[in-house]
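Peer 1: sequence unavailable; structure follows:
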């Protein structure tokens, strides 16, 4: 079995070949350098040393996938299964949302691919959920089914973010002045760190210089900036609230995985934070959630684990 695997984001497109069940090295291409996904895939096959077109292709996109079509508006890429077959010669093609691909790989992640935060007693028959703060907030789940798990991608990141204490109520009220509706993504993302920083400064009546998410994270971890430290603490609390809601909504007794590009910047801070306490703080369902494991995905190419699983399903 041979397959071309692709994890395509708004900025970068990553490709790898799957041959005889083994994944090769990952090639990074810039989305801006290519007019279409077809052009990028053709270049990837050439640079990865393909001597013939792989039998299958599985492509994941950071955007909506409607059946056999994926559209990435910002890049101007409109990709269909039919065109991939016709232009590039694949026999079998599957298109996925990026979090759908990540969900497919959850049950294949090893202990070395994840950092446990909380108990280690997953319900082997329970659903798995994944959420990830990055440029946005992705949410998906994997439900047990035969012959393989069934992924379900949602727009849960756009659900309303609730306040769990007085400071959060003040902070979210401040952000509503800017956005009207404050979704979970408004606080649980790279831009969300910036929003929390600005909102907390407003609540405290402080005038501060605008900072980017990377600078907020650095200053918060160094401990010399009390506001940036508070931003990270509140980010982890919001994350715990939202992850607990995701676990309840999906019945994710198999565990909740944390992905995305933000959290790997401060794994130790997250593990030592009140994330887990807030995750379990659901009143009458505290006991239910106290038994649900949570993991931080530490493997950089975790999406390829799911892409490879999808390719095996096509074979």
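Peer 2: Done, it's in. Computed from a prediction, not measured in an experiment: that's the story for all the values here.
Peer 1: off-centre distance for stretch 291-308?
Peer 2: Remark: stretch 291-308 is offset 9 Å from the chain centroid, using CA atoms, centre = their mean, to the nearest Å.
Peer 1: again with stretch 290-297
Peer 2: 15 Å.
Peer 1: tell me the mean pLDDT for it?
Peer 2: The average pLDDT for stretch 290-297 rounds to 96.
Peer 1: got the buried residues for that stretch?
Peer 2: 292, 293, 294, 295, 296, 297 (16 or more other CB atoms under 10 Å). Where C-beta positions appear, they are placed from N, C-alpha and C, glycine not excepted.
Peer 1: residue contacts, the second one?
Peer 2: Residues counted as contacts of residue 293 (CB atoms under 8 Å, 6 or more residues apart in numbering) are 116, 118, 119, 120, 121, 122, 255, 256.
Peer 1: helix/strand/coil for the third one?
Peer 2: With DSSP: H, G, I helix; E, B strand; the rest coil as the basis, the three-state label of residue 119 is coil.
Peer 1: and the protein, split by domain according to the record?
Peer 2: The chain resolves into domains spanning 2-103+301-314, 110-298 when parsed by automatic domain parsing.
Peer 1: next, the distance between the ends of the shortest one.
Peer 2: Think domain 2-103+301-314. Terminal residues of domain 2-103+301-314 lie 11 Å apart, using CA to CA, to the nearest Å.
Peer 1: ditto for the longest one
Peer 2: Start and end residues of domain 110-298 are separated by 10 Å (CA to CA).
Peer 1: how many neighbours does residue 250 have?
Peer 2: 23 (other CB atoms under 10 Å).
Peer 1: that one against residue 127, yeah?
Peer 2: Yes: with contact defined as CB atoms under 8 Å, residue 250 reaches residue 127; the gap is 5.2 Å.
Peer 1: need the residues touching each of the two.
Peer 2: Counting by CB under 8 Å, 6+ apart, the residues touching both residue 250 and residue 127 are residue 141.
Peer 1: may I see the buried residues of the helix or strand that contains residue 279?
Peer 2: Using DSSP states H and E, residue 279 sits within helix 275-280. The neighbour-count check on helix 275-280 (16+ other CB under 10 Å) flags 275, 276, 278, 279, 280 as buried.
Peer 1: ok, the first one - contacts?
Peer 2: Each residue near residue 275 by CB under 8 Å, 6+ apart is listed here: 117, 236, 237, 239, 240, 243, 294.
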